[in-house]
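Visitor: Make a model of this:
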Amino acid sequence: MEFSEEDVLQFCAITSADPDVASNYLTVCDGSLDRAITFYMENGGADISGAMSTSSNTRTGTRRSRTPSDDGFNSLDQDEELARSLQEQDAKLSPIRAPIAPRHEMLLGDDYGGSSMFGGPTRRAAPSVFLPPDSSSLARDAFRDFAAEAATLGGDSSPKTSRLADLFKAPLDMMARGDFDHSQRVARSESKWLMVNIQEAGVFACQVLNRDLWSDAEVKEIVKENFIFLQFYSDSAEGKKYKAYYPLDKFPHISIIDPRTGERMRVWDKTMDPIDFLADVTEFLDVHSLTDSASKPSLPKKKKLVKNVSDMTEEEQLRAAMMASMGGDPSSAIEIPQEDEDEITPEPTKEPTPAPEEVSVFDSIQPVRHEEPSDTVNATRIAFRLNDGSRLVHKFSKDAKVRALFEYIKSEVEDARTQPFELVFIGKQLLDDVDKTLTEVGVENAQILVQM
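Guide: Okay, here's the model as predicted:
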């Protein structure tokens, strides 16, 4: 097939080949410029003049031996021979195969689930640097030593990441090792309340609780002593179960559950500092108790008065004789109830000389202003929570008497001078220990409730 000179020039402009090479490729491709350029690129710009001569000789010999009777079959044979010769020529010119194209893939773990819009697996969000990705694994992770594992593997986390993880880590040292149902049974058997903290990974206020509240030593002490503590994520299995039982709208969420009935007794849905939280928890423990079966002091039994025989009436003497004849107790026939005791006129007695009135311990305490000690090492901070919700904070010496606390309240609170009040620390009234030191009573750095 003929081709124009313009095709040769365009072929040379695109491939930067010589005009002779362009002519050879155009000739092989029957004048098709696109096919010639493609063929040139596939062969790497190799010269195919040898293939052209072989093809020409084959075509010439074929034309000479072609007859009308076998024209169809010979044309097919010629095409096959031409294709075979071109393949052999191409193999001789480029014996090295093309390199394998690079391919980038990603290994996915077992915790990747779901499907994307293209039908493949979707990748979950990266775990938070503050907390573990699933609260259900907290109990398992609590027994792992990640620092030792990192050292064994020859790597270590960055100092910044380690500091963040330590600062916002979950309070594993006071968390219960079990699910909600198991912890409820444990709390019921140990007569402790159940405290549950539901966290949302995307809410920073939840991480602040771990950093400021659950890390406080006084909060840890009161929670360990009176509660079974649980912390779940809202998207974990236990978190979803809790939300099904107790609906919630805001995070962070802290609640106190009665382990006997499952009733939610108290709820906090905001961030709090340790002092406010201790005040609320102390007030709750003072008002509520899990030992409802504690017996009240029994009333004294009524005494039975028995008349002498000389003081009996005829009817009473007859009844007493009948009881004696039947082998019973004659005195039971003439028992006098306690309520009738007032009807018996007691014998006149001399009126005792009135004793001087005793002053109560509370009335003996006078309002005294106490200055904060200069020795900070031997000082302790005491926070007082009043009935109106306000607070007073003052430093006392650790060797000071409990009486000093009452004197301080009487001097600072006007209502405390005219009406009695009580200082309560974790359900214990401090008026009975006014002569003991703060260290002996154990109220160092404590939150005390003032009950008017």
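Visitor: how much space between A201 and K250?
Guide: Using C-beta to C-beta, to the nearest Å, we find A201 at a distance of 15 Å from K250. (Each C-beta comes from the backbone N, C-alpha and C, glycine too.)
Visitor: Against which helices or strands is the strand or helix carrying A187 packed?
Guide: For A187, the host element (DSSP states H and E) is helix 180-190. Helices and strands touching helix 180-190, by 3 or more C-beta pairs under 8 Å, 6 or more residues apart in numbering; DSSP states H and E, are strand 193-199, strand 227-233, helix 237-245.
Visitor: what does that helix rub up against?
Guide: Helix 180-190 is contacted from outside by 176, 178, 192-194, 196, 227-228, 230, 232, 238, 241-242, 257, 259-260, 262, using C-beta atoms under 8 Å, 6 or more residues apart in numbering.
Visitor: re the thing from before, A201 and K250 - which one has more neighbours?
Guide: A201 (20 against 12; other C-beta atoms under 10 Å).
Visitor: With just CA atoms, put stretch 431-438 into PDB.
Guide: Extracted in PDB, the C-alpha atoms of stretch 431-438 (Å, rounded to 0.1, in the frame of the first residue of the first chain):
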ATOM      1  CA  LEU A 431     -17.900  15.200 117.200                       C
ATOM      2  CA  ASP A 432     -17.100  12.000 119.000                       C
ATOM      3  CA  ASP A 433     -13.400  12.500 118.200                       C
ATOM      4  CA  VAL A 434     -12.900  16.200 119.000                       C
ATOM      5  CA  ASP A 435      -9.900  15.400 121.300                       C
ATOM      6  CA  LYS A 436      -8.000  13.400 118.600                       C
ATOM      7  CA  THR A 437      -5.600  14.800 116.100                       C
ATOM      8  CA  LEU A 438      -6.400  15.000 112.400                       C
END
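Visitor: quick one: buried residues of that stretch?
Guide: L431, D433, V434, T437, L438 (16 or more other C-beta atoms under 10 Å).
Visitor: Would you map the helices across the stretch 151-300 of the chain?
Guide: Ranges of helices within the stretch 151-300 of the chain are 159-167, 180-190, 204-208, 217-226, 237-245, 274-287, based on DSSP state H, counting those that start in this stretch.
Visitor: Pull out the CA atoms of the third one and give them to me as PDB.
Guide: Output in PDB follows, covering the C-alpha atoms of helix 204-208 (Å, rounded to 0.1, in the frame of the first residue of the first chain):
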ATOM      1  CA  PHE A 204     -11.900  15.300  75.000                       C
ATOM      2  CA  ALA A 205     -13.800  15.800  78.300                       C
ATOM      3  CA  CYS A 206     -13.800  12.100  78.800                       C
ATOM      4  CA  GLN A 207     -10.000  12.000  78.500                       C
ATOM      5  CA  VAL A 208      -9.800  14.900  81.000                       C
END
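Visitor: buried stuff in it?
Guide: Within helix 204-208, the residues scored as buried using 16+ other C-beta under 10 Å are C206, Q207.
Visitor: and if you look at the second one?
Guide: Applying a neighbour-count criterion of 16+ other C-beta under 10 Å, the buried positions in helix 180-190 are F180, S183, Q184, V186, A187, R188.
Visitor: what is the orientation angle of that helix with strand 227-233?
Guide: In terms of direction (axes from the mean of the first three to the mean of the last three C-alpha atoms, to 10 degrees), helix 180-190 departs from strand 227-233 by 170 degrees.
Visitor: just to revisit the earlier point, among the buried residues of helix 180-190, which pair sits farthest apart?
Guide: Maximum pairwise distance among these (C-beta to C-beta): 12.6 Å, between F180 and R188.
Visitor: Mind jotting down where the strands sit in the chain?
Guide: Assigned strands in the chain, in chain order: 193-199, 227-233, 253-257, 264-268, 305-306, 335-336, 379-385, 391-397, 422-425, 428-429, 447-451 (criterion: DSSP state E).
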